[in-house]
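**Student:** Here is my input; please provide its structure:
(one chain, ligands or ions: 1)
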Amino acid sequence: MPISTQFNTQIHSGSELSKEYLDNINKYLWTLSPNEILTWAIDHLPNLYQTTAFGLTGLATLDMINKISIEREQAHMVPLIFLDTLYHFDETLELAQRCQDTYNVPLRVFKPMDASTTAEFEREHGTELWKVDEDTYDYLVKVEPARRAYEELDVKSVITGRRRSQRGDRENIPILEVDDTGLIKLNPLALWDFQQVWTYIRANEVPYNALIDQGYKSIGDHHSTKAPSAHGQEGEREGRWAGQQKSECGLHKDYFKMRAAFMAAKKKRQEQEQQRHQSAAAMITA
Ligand SMILES: Nc1ncnc2c1ncn2[C@@H]1O[C@H](COP(=O)(O)OS(=O)(=O)O)[C@@H](OP(=O)(O)O)[C@H]1O
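**Tutor:** Next comes the predicted model:
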């Protein structure tokens, strides 16, 4: 693929990419196929990883990267990061293993900081934290583990499975962006719709989640992913946080805002706890 000379230089960090550069490169990447976008990214982006929950978009991307690696006679060129929230369906965990076996791809798994099992997490935070305080839940199971992964692995760029046709906050996502921490994010299939992804998966015999055959289209934590009705799921992400305003898990929101909200909620909980202790102590001494 002949790369426009304007974009044929190695990128070292997100902070060097101006808004003007991002506007221009997005116009350029827009003209390329996902395969060409990934090839460009592999050759030009620093410390590149793929972050995936093994959704259909991520799986198609994984397969494309695998084909590029085979063509270059190299081992799989982009390692995976999976954030294990401890509430994934068994089918998702099984798929993670199947992908590792099929593609021989390095997989790094990150769990919440203070728990490696659901029982441990629930001992610390109660049995339904996602209902009681969803922002704290998102921070603990996705936002903080992701940040820890990026720091530990010195990740400078990540590939995500977000697409415009998933609507909501994703309606206008660019192919290349830089987040508030300076992390470069590549959304190589941003312009594809569900049908294009599904056609690719079938045509290339890509492994996929067994729940898809039961009508699910987007799969997250089991407690917030609704089973499809008899007619299946119309909107691609309608089964996620169904009936709630929410449509994102926090992973793709501003990190510093999410952290500030988490710290504020923690401080409030500590103050309430302290007040309860003081009232209890006052009652005993009265
Ligand atoms: N648990 C976990 N681990 C690693 N990466 C993850 C995770 N959850 C979301 N993602 C990344 O976000 C992409 C979109 O995911 P979803 O559509 O499921 O939405 S959400 O992020 O959960 O709100 C998703 O795309 P896929 O690769 O298609 O799964 C990933 O790039």
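**Student:** who are the neighbours of the top helix by length along the chain, in terms of helices and strands?
**Tutor:** Of all the segments assigned as helix in the chain under DSSP state H, the longest by residue count is helix 255-285. Using 3 or more C-beta pairs under 8 Å, 6 or more residues apart in numbering; DSSP states H and E as the contact criterion, the secondary-structure elements in contact with helix 255-285 are helix 134-138, helix 144-152. To be clear about C-beta, it is placed using only N, CA and C from the backbone, and glycine gets the same treatment.
**Student:** got the residues of the stretch 101-250 of the chain near the ligand?
**Tutor:** The stretch 101-250 of the chain has residues 160-162, 218, 220, 248-249 near the ligand, with proximity defined as C-beta under 6 Å from any ligand atom.
**Student:** And the contacts of stretch 18-28?
**Tutor:** In this structure, residues lying in contact with stretch 18-28 by C-beta atoms under 8 Å, 6 or more residues apart in numbering are 4, 6-7, 174-178.
**Student:** try 7 Å
**Tutor:** 4, 7, 174-178 (C-beta atoms under 7 Å, 6 or more residues apart in numbering).
**Student:** now, which of the residues you listed lie within helices?
**Tutor:** Filtering the contacts of stretch 18-28 for membership in helices, criterion DSSP H, returns an empty set.
**Student:** for the residues of the stretch 101-250 of the chain next to the ligand, which one is nearest residue 200?
**Tutor:** Among those, residue 161 lies closest to residue 200 (C-beta to C-beta), at 12.6 Å.
**Student:** Spell out the residue ranges of the strands in the stretch 51-200 of the chain.
**Tutor:** Taking DSSP state E, counting those that start in this stretch as the test, the strands found in the stretch 51-200 of the chain are 80-83, 107-110, 157-159, 176-178, 184-186.
**Student:** For the second one, buried residues please.
**Tutor:** This means strand 107-110. By neighbour count with 16 or more other C-beta atoms under 10 Å, strand 107-110 contains the buried residues residue 110.
**Student:** From the contacts of stretch 18-28, keep the buried residues only.
**Tutor:** Buried positions within the contacts of stretch 18-28, assessed by neighbour count (16+ other C-beta under 10 Å), are 174-178.
**Student:** Taking the residues you listed together, which two end up most distant?
**Tutor:** Put simply, by C-beta to C-beta the two of the buried ones among the contacts of stretch 18-28 set farthest apart are 175 and 178, 12.3 Å from each other.
**Student:** Okay then, goodbye and thanks.
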